[in-house]
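Q: Got a sequence here, can you build the structure:
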Amino acid sequence: MTPSHTPRNPSADSESAPLSVADPGDALALVQHSFGHLPQDSVVILGLLQGSTGGHLRVDLEPALQSPVPMGWRCAEWLAGPEAEPVPEAVLVVILDSAPLIPDTPGRHDLFLAALSEQLQRLAGVRTSQVWHAGAGRIRDYHCPDADCCPYPGEDVAEVLARSLQRVPGLAPSKTPSPQEQVDAFLAGNPLITAGAIAAAWAREEAPAVSKDKVRTIWEAALDRTQRCGGADWLHSTKGWIPALLRPAESLTTAGLIMRLTGAEDPWGDSPQPPPWQRVEALDLLLHQLVPYAQPRQLEQLMGLKAWTEWIRGCGSSTDAFAAAVQQRFPERWADQQDPTLAALVRSWMSAVGVCPWARVKRTSYSWWKSSR
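A: The predicted structure follows:
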């Protein structure tokens, strides 16, 4: 699940070519512009307010099919609930499916869409402006009953999207890496770090910090310096820091401590205020620079912490991708129920509560903070 609250007006530079959610190409272009790509097997809901898209939400298609009414209500709460100010006037729904619509068959998305629309209307009078269904390379108005008006299986996705992008070039997406590309980039580490540099870093290992206070001091100092420098490249030329940071990171206890050092009162979002987001970004930078030096158990923990930073920022797809990478790389550890991996705990928590509570509320969300910088 991926919510975002960044206000956008991609048509502002092109008054001669206004966008229309009733145009399938424009709808797809808005989705692609908002997420950087067209998600797969997803339901995307874009909030519309005063001529701009506002809060937008992506949920996996399967839960919307398996539990359509609860998921419809939950999506409505995220977009139009009491903590969702500013509430949109209307929403655009785009279903990205693997199968096309088939005429004269019950719509398998009807229950979800009905629950979503009814709850949006009840909560804040938000109307569902348009629902598009894209599947197997075709897109069609989901609710149109007239096969002459909207022939099955629909228009060609690539053609309608290209048409809209030609008309409004400003809608072309900036390249946003996919969740798997994010995982690959994170694991690639710093290409300038050689095997010799890694061996030299571990050769400088002193007695590991064993007390909680020592571990806190080391990690807090590293986060402070990374935040102050705007990066963690300093790490590679600082004697003894790398093993001192990585060795204690093998335990779940240390992972919990690191989470709290970002300023998170409760790492699982059960507090009114999120951690300072610039501190979370500093942790992200530090984790990435530590990757080349990490031994297997340490790498597993770094990936788990990365999954956590993605979850608290509302990036459910990325969280799941990092958890899946841990499961693939460390299958025996993943199967250990007595000593679970951090990534498995993050995925389980996400499955239980969905979007991080901080990401559900505009004023506390990472995307809102990022857009207002």
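Q: Would you confirm that residue 242 belongs to a helix?
A: Yes. The assignment for residue 242 by DSSP: H, G, I helix; E, B strand; the rest coil puts it in a helix.
Q: Show me where this protein has its strands.
A: For the chain, applying DSSP state E gives strands covering 2-4, 42-49, 52-60, 90-97, 127-135, 138-141, 155-156.
Q: in the fourth one, what's buried?
A: So that's strand 90-97. For strand 90-97, the neighbour count (16 or more other C-beta atoms under 10 Å) marks 90-97 as buried. C-betas here are computed from N, CA, C, even on glycine.
Q: list the helices and strands it packs on?
A: Secondary-structure packing of strand 90-97 (3 or more C-beta pairs under 8 Å, 6 or more residues apart in numbering; DSSP states H and E): helix 24-35, strand 42-49, helix 61-66, helix 110-124, strand 127-135.
Q: Turn these into TSV, including distance to residue 298.
A: Compiled in TSV, the helices and strands packed on strand 90-97 are given as follows (distance: least, C-beta to C-beta, whole Å):
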stretch	distance to residue 298
helix 24-35	32
strand 42-49	34
helix 61-66	33
helix 110-124	42
strand 127-135	42
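Q: Ok, which of those comes nearest residue 349?
A: helix 61-66 (15.6 Å; C-beta to C-beta).
Q: that older thread, okay, the strands of the chain in CSV with distance to residue 359 and mean pLDDT next?
A: Formatted as CSV, these follow (distance: least, C-beta to C-beta, whole Å; pLDDT from 0 to 100):
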stretch, distance to residue 359, mean pLDDT
strand 2-4, 5, 55
strand 42-49, 15, 93
strand 52-60, 10, 82
strand 90-97, 18, 97
strand 127-135, 23, 97
strand 138-141, 29, 96
strand 155-156, 34, 96
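Q: The ones you listed: which one's closest to residue 347?
A: strand 52-60 (12.9 Å).
Q: how much does that closest one deviate in direction from strand 42-49?
A: 160 degrees (axes from the mean of the first three to the mean of the last three C-alpha atoms, to 10 degrees).
Q: Okay, angle between strand 52-60 and helix 24-35 too, please.
A: Using the same axes, to 10 degrees: strand 52-60 against helix 24-35 is 80 degrees.
Q: Could the C-alpha coordinates of strand 52-60 be exported in CSV?
A: Coordinates of the C-alpha atoms in strand 52-60 are reproduced here as CSV (Å, rounded to 0.1, in the frame of the first residue of the first chain):
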residue,chain,number,x,y,z
SER,A,52,-5.1,19.5,-9.1
THR,A,53,-4.4,16.0,-8.0
GLY,A,54,-3.8,15.8,-4.2
GLY,A,55,-3.6,12.8,-2.0
HIS,A,56,-3.2,9.5,-3.9
LEU,A,57,-3.2,5.9,-2.9
ARG,A,58,-2.1,2.6,-4.3
VAL,A,59,-3.2,-0.7,-2.9
ASP,A,60,-2.6,-4.2,-4.0
